[in-house]
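# 3D, please:
(chains A, B, C and D)
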There are 2 protein chains.
Amino acid sequence: MTAALLLAEPEPAIRGYLERQLQSDGFHVLQAAFGGEALALAERTRPDLVLCSELELCARLREGEPGRTWNRDVPVIVLGPAGADAVDRVRAFQRGADDYLHLPLVYDELVARIRAVLRRAAPPPQDRVEVGELAIDLPARVVTVRGNAVHLAGKEFELLAALAAEPHRVFTKDELLRDVWGYKSFTRTRTLDSHVSRLRSKLEREPGDRFVVNVWGVGYKLVD
Amino acid sequence: MTAALLLAEPEPAIRGYLERQLQSDGFHVLQAAFGGEALALAERTRPDLVLCSELELCARLREGEPGRTWNRDVPVIVLGPAGADAVDRVRAFQRGADDYLHLPLVYDELVARIRAVLRRAAPPPQDRVEVGELAIDLPARVVTVRGNAVHLAGKEFELLAALAAEPHRVFTKDELLRDVWGYKSFTRTRTLDSHVSRLRSKLEREPGDRFVVNVWGVGYKLVD
DNA sequence: AGCGATCGTCGCAGAATCGTCGCAAAGGAC
DNA sequence: GTCCTTTGCGACGATTCTGCGACGATCGCT
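Below you'll find the predicted structure:
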C-alpha cells in the first residue's frame, strides 16, 4: 500500500526535486502549485499526507466546510522558509500541522518524518474485516457472505479490500484508481465501474443485497 | 495478532502519552493507575506484557497466589524514575523484570524493547503442524496424509514447510522463491509451479484432495 | 420535459497465468 | 563409473482475468 502524498509547493525547482526523490522512494506524488489547486486535488484524490509550505493551506484543510468532512484529518507536514525560527514553528503547530521542517531540507530527515507521521496516522493493520454479512480475511484472501465463501478475482478482491479499509466512507474514483490500479493520471475510464459491477454480481446474490454503493459524481462506498 | 499491553503508570501525563503512542503502533493498551488495580486487571485480561513503574507490582506479579498461576510468567518491563542508576536496574531484574528503562523515555527504544520482550516470550516454534488430514513433523522431516507417510524430496518438503508456517495465509510467489530458494530478484520462472505440481501429485492421491491452492496472480496457500 | 453527465451491465479479445509433461544437468550413493 | 533421484526450466495447451467499448438506464439540473 504505497502512500500518496500531495505536494503543495509554489517553487517549481523544489517541487520538481522533491517529486523525483519521493517517487523513487516509492511514494505516489501529486503536485499542486498553489493553495486553491491543492485543496481541490486533496478533495478529489484524498492523499494520505499533505506537504505544504503555506500555513494558509494547512489551516484551510483543517477548517472543513459544511458537508465536507474529508481532509479534516489528513496529516500535514509544513515546510517553512529558510531561516524560520521557533515562532514560525509554533504557529505551524497551532494551525494544525503534524510536523514542521524548514529549508534547507535534509531529504532523509523529510522521509523519516513522513514515515513517522504516516505511521502515527495509520489505523492498526487488521487481518479481518466484517461489514454486515460480509467478512473479509485479508491474509487468506477469502471473502464470505453469510458464511458462504465467494470466489473473487485479484482486482475484485483488492477493490473490496480497499473499500473495506474504511467501511461507510466514500472513496473517490480517483482514489480507488490510485490505490488499486496505481493509476497516476485520471483519464476517463470505465474500468473501475466494470469491476464494481462484477464485484456486485458475486457478492450480492440475493435481490436487495447492496454492499457496494455508488455516490453520484464522487465514487463508491461499502455499507451493510 | 496485536499484543495487549497493561500500562501501570501512576502519572496521568505519561500514561496518556504512552497510551496514544502505543495504540497508534497497533498495540492494545489497558491502563491502570496503581498497583492493586493493575493486578486485578492483569488477572482479568491476561495481557501479553506489563509496563509498570513500581517494583512492588512487578514482584507481586511474580509471586503468584495460591490457586492463581496466571501472570506468574507474564513479561514485565519496568520504567524507572528519571535519574535512576545501576542499583535500581539490578533491583528491577532481581524482582523479576524482563527489561528496564528509565525516564526520560526514548519512545522508539521503548517500542523496540517491547517487541524484543514479546518475541522472546513467544511460544517456541512448532515441531509439528497439522492442517486437515495433513501432518508435518518438522525436525524429522516426515509428512503424513491420513496417517500414511509420504516421501518428499528436499525442496518439496521445504516448500510445504514454508506454506505450513502460516496455514490459510496466501504466500506470494516472490515470497516463496525468497524463503525456499533464496532468490532475490523476481525473475519469471516456472520452478515454483513445477514443484507445486510435484508436491500435489504426492500429497493429493485421492481425487478431490487439494491441500495446496493457487490464488490467481498472487501465489499459493495451504488449506484443509 | 429535455439535456448532458454519469452509471450499470454485457460481451469480447488480448494478455497473463497456471498445470503438466518431458528433458537434461547436477548431485549422491554404492 | 554407474544408477537413481532430484531439480530447474522450457514448451504447450487450457484456463482465467481484465480493460474497454457499446448501449441503454438513471441522475441532477434547468
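# flag every residue of chain A that's near chain B.
Taking Cβ under 8 Å from any Cβ of the partner chain as the criterion, the neighbours of chain B within chain A are A:119-122, A:124-125, A:127, A:137, A:139-142, A:153-154. All C-beta spots, glycine's among them, are computed from the backbone N, C-alpha and C.
# can you pull the buried residues of the helix or strand bottoming out on mean pLDDT in chain A?
Within chain A, no helix or strand scores below helix A:107-121, which has a mean of 80 by mean pLDDT, DSSP states H and E. By neighbour count on 16 or more other Cβ atoms under 10 Å in any protein chain shown, the buried set for helix A:107-121 is A:110, A:113-114, A:117-118.
# A:Val29 bridge partners, please.
Counting by DSSP bridges, A:Val29 is bridged to A:Leu5.
# and it, what does it touch?
Applying Cβ atoms under 8 Å, 6 or more residues apart in numbering or on different chains to A:Val29 gives the contacts A:4-5, A:7, A:18-19, A:22-23.
# tally of neighbours for the closest residue to A:Trp181 other than its chain neighbours?
Nearest in space to A:Trp181, with sequence neighbours left out and distances taken as Cβ to Cβ, 6 or more residues apart in numbering or on different chains, is A:Thr191 at 7.1 Å. By other Cβ atoms under 10 Å in any protein chain shown, 13 other residues sit near A:Thr191.
# correct me if wrong: A:Thr191 contacts A:Lys173.
No: using Cβ atoms under 8 Å, A:Thr191 is not in contact with A:Lys173, being 10.0 Å away.
# follow-up on the earlier one: out of the buried residues of helix A:107-121, who's nearest A:Pro207?
Proximity of the buried residues of helix A:107-121 to A:Pro207 was ranked by Cβ to Cβ; the top entry is A:Leu118 with 41.8 Å.
# please tell me how far the closest one sits from DNA strand C.
Applying Cβ to the nearest atom of the strand, to the nearest Å, the value for A:Leu118 to DNA strand C is 28 Å.
# spit out the contact partners of the closest residue in space to that residue that isn't next to it in sequence.
Leaving aside its chain neighbours, A:Leu118 sits nearest to A:Ala3 (5.5 Å; criterion: Cβ to Cβ, 6+ apart). A:Ala3 makes contacts with A:27-28, A:48-49, A:114, A:118, as judged by Cβ under 8 Å, 6+ apart.
# ramachandran angles for A:Ala3?
Dihedral pair for A:Ala3: phi -80, psi 150, per degrees, to the nearest 10.
# check it and give its pLDDT.
On the pLDDT scale, A:Ala3 is placed at 87.
# again with A:Pro125
Looking at A:Pro125, its pLDDT reads 68.
# and the one 4 residues further on, by the same measure?
Turning to A:Val129, the model gives it a pLDDT of 92.
# then A:Pro75?
pLDDT recorded at A:Pro75 is 90.
# need the contact partners of stretch A:32-46.
A:4, A:6-10, A:12, A:15, A:30, A:47, A:50, A:52, A:54, A:56-57, A:60-61, A:68, A:70-71, A:74, A:171-172, A:174-175, A:178, A:186.
# buried members of those into ChimeraX, please.
In ChimeraX syntax, the buried subset of the contacts of stretch A:32-46 is picked out as below (16+ other Cβ under 10 Å):
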select /A:4,6,7,8,9,15,30,47,50,52,54,57,60,61,70,71,74,171,172,174,175,178
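# once you drop chain neighbours, what's closest to A:Leu57?
Nearest non-adjacent residue to A:Leu57, counting by Cβ to Cβ, 6+ apart: A:Gly35, 4.2 Å away.
# now do A:Arg89
Distance criterion Cβ to Cβ, 6+ apart; nearest residue to A:Arg89, sequence neighbours excluded, is A:Tyr100 at 5.1 Å.
# the one you found looks like it's in a strand, true?
Yes: A:Tyr100: assigned to a strand according to DSSP: H, G, I helix; E, B strand; the rest coil.
# tally of neighbours for it?
Around A:Tyr100 there are 19 residues (other Cβ under 10 Å).
# in what helix or strand does A:Leu192 lie?
Taking DSSP states H and E as the criterion, A:Leu192 maps to helix A:191-203.
# report the buried residues of the following helix or strand past that helix.
Counting by DSSP H and E, the next helix or strand C-terminal to helix A:191-203 is strand A:212-215. Buried positions in strand A:212-215, judged by neighbour count with 16+ other Cβ under 10 Å: A:Val212.
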